[in-house]
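>>> Below is the sequence, then the predicted model.
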Amino acid sequence: MTQTLPFSFPRYLAAKKSVDDRALNRLVWQRLADEVAAQTSGGQPLDVLEIGAGIGTMAERVVAWGLLEQARYTALDNEAENVAAIRARLGTGRGAGLDLAVEQADVFDFARRPHNQARYDLLIAHAVLDLFDVPAALPRLLRMVKPDGLCYFTINFDGATIFEPVIDAGLDAQIEALYHRSMDERITDGQPSGDSRTGRHLFHLLPAAGVEILAAGSSDWVVFGSAGVYPQDEAYFLHCILHFIESTLRGHPELDPEIFSDWLSTRRQQIGSGELVYIAHQTDFVGRICQNDD
Ligand SMILES: C[S@@+](CC[C@H](N)C(=O)[O-])C[C@H]1O[C@@H](n2cnc3c(N)ncnc32)[C@H](O)[C@@H]1O
């Protein structure tokens, strides 16, 4: 399978689920579970907000992995097709094992609404923060969390994209560097929106925003084939990663188009033969909000 598959963002997120399941840092998850258990020991339901919820895979996971039994869970995303996919996968109301509400909104508009101030016990952002200008975004997002509430920020990209086998060490490194630079220089709606080293920067950005880090650890994506076969829909996931790199770097003045095209074809052939290994370095955090006085 060397051809480019038609790209679908909901299918990409569905294919990413099994990759995330392996990647999520279990010590960080366990610390979150302990904190949630302490907060719900009186039997009161938690108010949980997940921002950039995509198609709802984290909401499915918190039920499947036994994190939340009694919770009012709001899954928010700004894209209509994602919100429709959440409703299709999970339904709303009590069907998902959570008291689920699905909201289509820009998170920063949502955060400005007066009734959302200090409303939530737990804020989740999974594979999301590295899309934002984090120093500016954090205070706006954390305002929605109650004092002493929790945040769970996971799959924060942190500056390493690795493909094996090596095609050409210099070219591989150049493509990685240009791809990361594009994240650092990305502008959305006139604002900086991305940081290829979000993972490590959160170690100082979270305390600066009034968050005590309770646990942190790596959550690298590691995708490989076993006997030439990738699990579940992970070959599609790998095609999507190449699609992101191709659409970001196509026409880049520092990259010879023919050499780049050959590099992509070789990588796609390696997916077809089950040979391609892909690793992305990322970090997870659980924290407690100490102050809301930005
Ligand atoms: C990389 S995806 C991750 C989705 C999901 N958390 C997952 O891992 O499957 C980032 C998500 O954030 C959403 N998003 C990006 N900017 C947003 C904004 N300003 N407000 C709300 N959602 C946003 C996108 O629509 C997308 O679904």
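Alright, I've got the coordinates. Keep in mind that what you see is a predicted model, and the values were worked out from it rather than measured.
>>> L171 versus E275, what's the distance?
In this view, E275 and L171 are 18 Å apart by CB to CB, to the nearest Å. C-beta coordinates here come from the backbone N, C-alpha and C atoms, glycine included.
>>> Also T40?
52 Å.
>>> Show me what the helix or strand hosting R89 is packed against.
For R89, the host element (DSSP states H and E) is helix 80-90. Secondary-structure packing of helix 80-90 (3 or more CB pairs under 8 Å, 6 or more residues apart in numbering; DSSP states H and E): helix 9-23, helix 57-64, strand 71-77, strand 99-104.
>>> any low-confidence regions in the stretch 151-294 of the chain?
Scanning the stretch 151-294 of the chain for pLDDT under 70 picks out 291-294.
>>> now the helices for it?
Remark: helices assigned in the stretch 151-294 of the chain by DSSP state H, counting those that start in this stretch are 169-185, 198-208, 234-249, 257-272.
>>> residues making contact with the first one?
Taking CB atoms under 8 Å, 6 or more residues apart in numbering as the criterion, the residues outside helix 169-185 that touch it are 130, 157, 159, 161-163, 166, 194-196, 245, 248-249, 252, 254-255, 259-260, 263.
>>> Same check on the third one?
When contacts are taken as CB under 8 Å, 6+ apart, the neighbours of helix 234-249 outside the stretch itself are 1, 4-5, 7, 11-12, 15-16, 18-19, 175, 178-179, 182, 223, 225, 230, 255, 260, 264, 267-268, 271, 274, 276, 278.
>>> again with the last one
Contact with helix 257-272 is made by 1-4, 163, 165, 167-168, 171, 175, 230, 235, 238-239, 242, 245-246, 249-252, 276, as judged by CB under 8 Å, 6+ apart.
>>> mind running it again at 7 Å?
Applying CB atoms under 7 Å, 6 or more residues apart in numbering, the external contacts of helix 257-272 come out as 1-2, 163, 167, 171, 175, 235, 238-239, 242, 246, 249, 276.
>>> Check the burial of L5 by counting its neighbours.
Residues lying near L5 (other CB atoms under 10 Å) number 15.
>>> if we can go back for a sec, which stretch among the helices of the stretch 151-294 of the chain comes nearest the ligand?
helix 234-249 (10.1 Å; CB to the nearest ligand atom).
>>> quick check, that closest one touching the ligand?
No - on the criterion CB under 6 Å from any ligand atom, helix 234-249 is out of touch with the ligand, staying 10.1 Å away.
>>> And that helix, how far out from the chain middle?
Distance, stretch centre to chain centre, for helix 234-249: 16 Å (CA atoms, centre = their mean, to the nearest Å).
>>> Give me the angle between that helix and helix 9-23.
Helix 234-249 runs at 110 degrees relative to helix 9-23, counting by axes from the mean of the first three to the mean of the last three CA atoms, to 10 degrees.
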